[in-house]
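Student: Below: sequence and its predicted model.
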Amino acid sequence: MEKSCSLLIHFDKGTPALANEIKESLEGNDDSAKIDAMKKAVMLLLNGETLPQLFITIVRYVLPSEDHTVQKLLLLYLEIIAKTDSKGKVLPEMILICQNLRNNLQHPNEYIRGVTLRFLRRICETEIIEPLIPSILANLEHRNPFVRRNAILAVNAIYKLPQGDHLLVDAPEMIEKVLSNESDQSAKRNAFLMLYTCAQDHAVNYLLTHVDKVSEWGESLQMVVLDLIRKVCRANTGEKGKYIKIIISLLNVPSAAVIFECAGTLVSLSSAPTAIRAAANTYCQLLLSQSDNNVKLIVLDRLEELKSSHKEIMVDMIMDVLRALSSPNHDIRRKTLDTALDLITPRNINEVVLTLKKEVVKTQSGELEKDGEYRQMLIQAIHSCAVKFPEVAGTVVHMLMDFLGDSNVASAMDVIVFMREIIETNPKLRVAIVTRLLDTFYQIRSARVCSCALWIISEYCLSLSEVQSGITTIKQCLGDLPFYLASEEGDTNESSRRSQQVNSITISSKRPAILADGTYATQSAASESAFSLPTVVQTTLNSGNLRSLMLTGDFFLGAVVACTLTRLVLHLSEVQKSKVEVHKASTQVLLIIVSMLQLGQSSFLPHPIDNDSYDRIVLCLRLLCNPDEQMRKIWLQSCRESFVQMLAEKQLREAEEIKSKAQVSHAQPDDLIDFYHLKSRKGMSQLELEDEVQDDLKRATGEFVKDGDVANKLNHIIQLTGFSDPVYAEAYVTVHHYDIILDVTIINRTKATLQNLCLELATMGDLKLVERPQNYTVAPESSKQIKANIKVSSTETGIIFGNIVYETSNVLERNVVVLNDIHIDIMDYISPAVCSDTAYRSMWAEFEWENKVAVNTVIQDEKEFLDHIIKSTNMKCLTPPSALEGYCGFLAANLYAKSVFGEDALVNLSIEKQADGKLSGYIRIRSKTQGIALSLGDKITLKQKGGA
């Protein structure tokens, strides 16, 4: 087994120095040559060379040197050379070193004394340390703080040695005396740290004696005080009150690190409202005062944790949290909005919305390049506020409608979707929204936003004036008919054909579109700026936005326009008494629809109209020519009913999600409850009383009880060896985010003592062993607990394997017991998550790793198979239940999960029922990294059969 190392230096193995060259340099009188030679010697020793021939040379020529750098390098050399023989006894030549060290400890130069004391902290050999103790103790009273600091650390290190309490019998009392007289903050911190680690009672006495001066101590000493308070309060909860007062007093110190630790300590020790409020205030101050983005993100995480456990207190802090929106970093802004949206109540909703409106107005300046993205976040936040509290919708709806023509399509899309939901859930705003939408419709430049706006116009223009305004607005945006002239078609045929060739290449290179259910479809409509239009058409582009978009070949938008106009005519027939006016409007709409069909079937545009859009436009044509009562009912009522049902399902899902996040506590019937009203209040502050009450409430409601811990622990125990093996081993595996902790129990089942027993582990995958294995001695028929820590760097299925090696007194050979493999399941790292359809499709298109798994299962029901995959993969189904209802022999669903490392896992399930009743199809997994895609694919392949 390799020896431990306290020093690491990078070493270039390309040009190793020779021992003879080093020896010659050391024997010379040039200090710079000696420095280079000592550096080479130290590097060679660190990389496994022994260099025994150099020791005497160094004693003769380097020890007497007065150069500080040479002396420091000498101490590094002495730190890493072997000081004991194979039997563990100190080498006799080390006596030469002891005399030199004693001289250094009494050296007139403070630096030499300090570095020598620092060196002695790393020496474990009692024989070397013992003769130096008087000199070390003498340095505790040296005039220079650098020497005193290192002397205290040296005393601490010696006292921690196996026989340290015999070498320094009264060390704690001595250090406590030093601490009382010390003026240097770093030296005081070192002294207090020694008392904290070696003699806790002395540290507590000193703290309580000087409790009024704690706020005046240095930052490093205050941090140690907080550590001590946490340790003492966990061991003895009854004494929390007096220590919490100290923490509260430290909240006003200038050091940001100290007040951050104070806030964390307060939250961990107390549930009293006063303490939690003080901690939350501290976090909010840090959020504004610190410029480092990483610090702000950490503070926001702490506020998020407070929100989950003390929401009623955090509600009052919402405006302080929102001040973090002043940061230009989008991650901070997003996290701030997410935290604030959960704290909205009827009391603060108006203030929150006012703040968000001000932020939206600021984004109009366009000073920052990502203003569009930030505006989108703000619009989504306002949307959430308006859905929870419909009464505020009226104050924001008009301002947001100014952004319908936003160059950021995603932002404009969020606005129009918000309008669509508000106009249904808040009928009082219907007239105002419709009127404003008709006024601003010409500004919209995105086909997707236009489509949604047209649907709102067709559904919610109900009065005669609104219907007429709707038809007029659309006609103005379409411009004059026809869309092209037949005579011009021939003249521009040649130039059109050339531009068509270029444009058709552009179209054919586009990727397939992804539908809402995750399946693929061929995209025939052009993007909004994909085409360079013929000269003749470009003269008419100023006529309106709908005309411009349709002349790029977007016939899906054309179909939406046709449906909108048809529905408006149907509305008009109900509110307009004059049949002549209805027929006149119907005729005008028919002319527009026919012009669209002509445009789609002409050779004027780069590609013809697609079949789906053609069928929808023709359906509108037939309905206007032959109005049918049944069709009228479908067009005017059923669409609206479907939308209302969709909103109801969305609200139900959100309510269920909130309910699932709510904490449920359990109390045992025989748990002890203290009634604080019956307790003596003598000498207790208000904070202590509050803390007592909160503890009693937690005990009564069962918050201290972790349900099912024992059962979960039993499920994670893995047998590593067989019952007939001489050494039995089993491991309890704990997976905690970035760490895997193996708690291995080893039982010696033989009658012999097992010596040098070592648990040797190795890993496959992105797992890394943190600690080097140690040797143990296990008595006959006794057991040993060994802990192994493993770091995880990505979401991937990993394997831990290894063996137990040991020796017995009878056999000279080492015995080996091979252990069973431990498979680390990917399910321990991923959890169900939610994202919008837009975000899902964006990630699906962006992620490069795809794993395609063919369906092979004995399950014959599509819904049952989907439920089985969801349960097996620990993912969330994003496809709403209404879309999965009924039986048509086909099912497509999207699943989503997020890993603890922030990685996204996307799964699309597309299955079809064959004639023989079996299911066929594919499960596609996409992720940003290869590991998660492969591991999830393996998991699905293993579980999809329908077994356990």
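Tutor: That came in fine, so what should we check first?

Student: Relative to residue 146, how far out is the nearest residue to residue 71 once chain neighbours are set aside?
Tutor: Take residue 71 and drop its neighbours on the chain: the residue closest to it by CB to CB, 6 or more residues apart in numbering is residue 112, 5.9 Å away. (Each C-beta comes from the backbone N, C-alpha and C, glycine too.) Distance of residue 112 to residue 146, given as CB to CB, to the nearest Å: 11 Å.

Student: before we move on, what about residue 347?
Tutor: Going from residue 347 to residue 146 by CB to CB gives 57 Å.

Student: Counting neighbours, go ahead and name the busier of the two.
Tutor: Comparing residue 347 with residue 146 by other CB atoms under 10 Å, the one with more neighbours is residue 146, at 18 against 10.

Student: was I right about the more buried one contacting residue 110?
Tutor: Yes: between residue 146 and residue 110 there is a contact at 5.7 Å, judged by CB atoms under 8 Å.

Student: Can you verify my assumption that residue 346 contacts residue 390?
Tutor: No: contact between residue 346 and residue 390 fails when scored by CB under 8 Å: they sit 11.7 Å apart.

Student: More neighbours: those two, which one.
Tutor: Neighbour count, other CB under 10 Å: between residue 346 and residue 390, residue 390 has more, with 15 against 10.

Student: my guess is that one contacts residue 425, does it?
Tutor: Yes: in this structure, residue 390 is within contact of residue 425 by CB under 8 Å, at 5.9 Å.

Student: Give the residues shared as contacts by the two.
Tutor: The overlap between the contact sets of residue 390 and residue 425 (CB atoms under 8 Å, 6 or more residues apart in numbering) is empty.

Student: For residue 397, which three-state class applies?
Tutor: State at residue 397, reduced to three classes by DSSP: H, G, I helix; E, B strand; the rest coil: helix.

Student: Would you mind measuring from it to residue 379?
Tutor: For residue 397, the distance to residue 379 equals 11 Å [CB to CB].

Student: Residue 479 too?
Tutor: 30 Å.

Student: These two - which one has more neighbours?
Tutor: Taking neighbours as other CB under 10 Å, residue 479 and residue 379 compare with residue 379 leading, 26 against 18.

Student: Which residue is the nearest non-sequential neighbour of that one?
Tutor: Once flanking residues are discounted, residue 379 sits nearest to residue 414: 4.5 Å by CB to CB, 6+ apart.

Student: now residue 459
Tutor: Closest residue to residue 459 in three dimensions, ignoring its sequence neighbours and counting by CB to CB, 6+ apart: residue 640, at 5.9 Å.

Student: do residue 420 as well
Tutor: Nearest non-adjacent residue to residue 420, counting by CB to CB, 6+ apart: residue 456, 5.6 Å away.

Student: list the contacts for that neighbour?
Tutor: So residue 456 contacts 416, 419-420, 423, 433-434, 437 (CB under 8 Å, 6+ apart).

Student: mind running it again at 10 Å?
Tutor: 416, 419-420, 423-424, 430, 433-434, 437, 441, 470, 564 (CB atoms under 10 Å, 6 or more residues apart in numbering).

Student: Same question for residue 175.
Tutor: 140, 152, 155-156, 159, 168, 182, 190-195, 198-199, 202-203, 206.

Student: Strands of the stretch 501-650 of the chain, residue ranges please.
Tutor: 513-514, 520-521 (DSSP state E, counting those that start in this stretch).

Student: Show the average pLDDT along the last one.
Tutor: Looking back up the chat, that one is strand 520-521. What strand 520-521 shows for mean pLDDT is 56.

Student: how far away is the residue lying farthest from the centre of the chain from residue 604?
Tutor: Taking CA atoms, centre = their mean, the residue of the chain most remote from its mean C-alpha position is residue 580, at 64.1 Å. For residue 580, the distance to residue 604 equals 35 Å [CB to CB].

Student: what ranges do the strands span in the stretch 651-800 of the chain?
Tutor: 717-719, 727-736, 739-748, 754-764, 767-769, 775-778, 783-792, 798-808.

Student: Would you single out the least confident of these?
Tutor: The stretch with the lowest mean pLDDT among these is strand 767-769, at a mean of 78.

Student: does residue 52 count as helix, strand or coil?
Tutor: Counting by three-state DSSP, the backbone at residue 52 sits in coil.

Student: dump the residue contacts of it.
Tutor: Each residue near residue 52 by CB under 10 Å, 6+ apart is listed here: 19, 81-82.

Student: Would you state the helices of the stretch 1-150 of the chain in chain order?
Tutor: According to DSSP state H, counting those that start in this stretch, the stretch 1-150 of the chain carries its helices in the segments 19-27, 31-46, 54-61, 68-80, 94-105, 110-120, 126-129, 133-138, 145-159.

Student: Please work out which of those is packed deepest.
Tutor: helix 145-159 (a mean of 23; mean count of other CB atoms under 10 Å).

Student: Report the spatially closest residue to residue 38, excluding sequence-adjacent ones.
Tutor: In space, residue 38 is closest to residue 73, 3.9 Å off (CB to CB, 6+ apart).

Student: residues in contact with residue 190?
Tutor: Residue 190 touches 148-156, 175, 178-179, 182, 184, 220-221, 224, counting by CB under 10 Å, 6+ apart.

Student: For it, give its distance to residue 157.
Tutor: Separation of residue 190 from residue 157 (CB to CB): 11 Å.

Student: The residue nearest to residue 420: helix or strand, and which one exactly?
Tutor: helix 447-460 (DSSP states H and E).

Student: For the helix or strand following that helix, give the mean pLDDT please.
Tutor: Once the chain leaves helix 447-460, the next helix or strand it forms, by DSSP H and E, is helix 464-478. Per-residue pLDDT values across helix 464-478 average out to 89.

Student: Same question for helix 464-478: list its buried residues.
Tutor: 466-471, 473-475, 477-478 (16 or more other CB atoms under 10 Å).

Student: pretty sure residue 98 contacts residue 127?
Tutor: Yes: if you go by CB atoms under 10 Å, residue 98 and residue 127 touch, sitting 8.5 Å apart.

Student: any residues in contact with both of those two?
Tutor: The contact sets of residue 98 and residue 127 overlap at residue 90 (CB under 10 Å, 6+ apart).

Student: any idea how far residue 572 is from the residue nearest to residue 589 when sequence neighbours are not counted?
Tutor: Excluding its sequence neighbours, the residue lying closest to residue 589 (CB to CB, 6+ apart) is residue 565, at 4.4 Å. In this view, residue 565 and residue 572 are 10 Å apart by CB to CB.

Student: Which neighbours do these two have in common?
Tutor: Counting by CB under 10 Å, 6+ apart, the shared contacts of residue 565 and residue 572 are 470-471, 585-586, 589.

Student: out of the residues you listed, what pair is the most spread apart?
Tutor: Maximum pairwise distance among the shared contacts of residue 565 and residue 572 (CB to CB): 14.4 Å, between 470 and 586.

Student: Point out where the stretch 401-550 of the chain drops to low pLDDT.
Tutor: Within the stretch 401-550 of the chain, the segments meeting pLDDT under 70 span 485-543.
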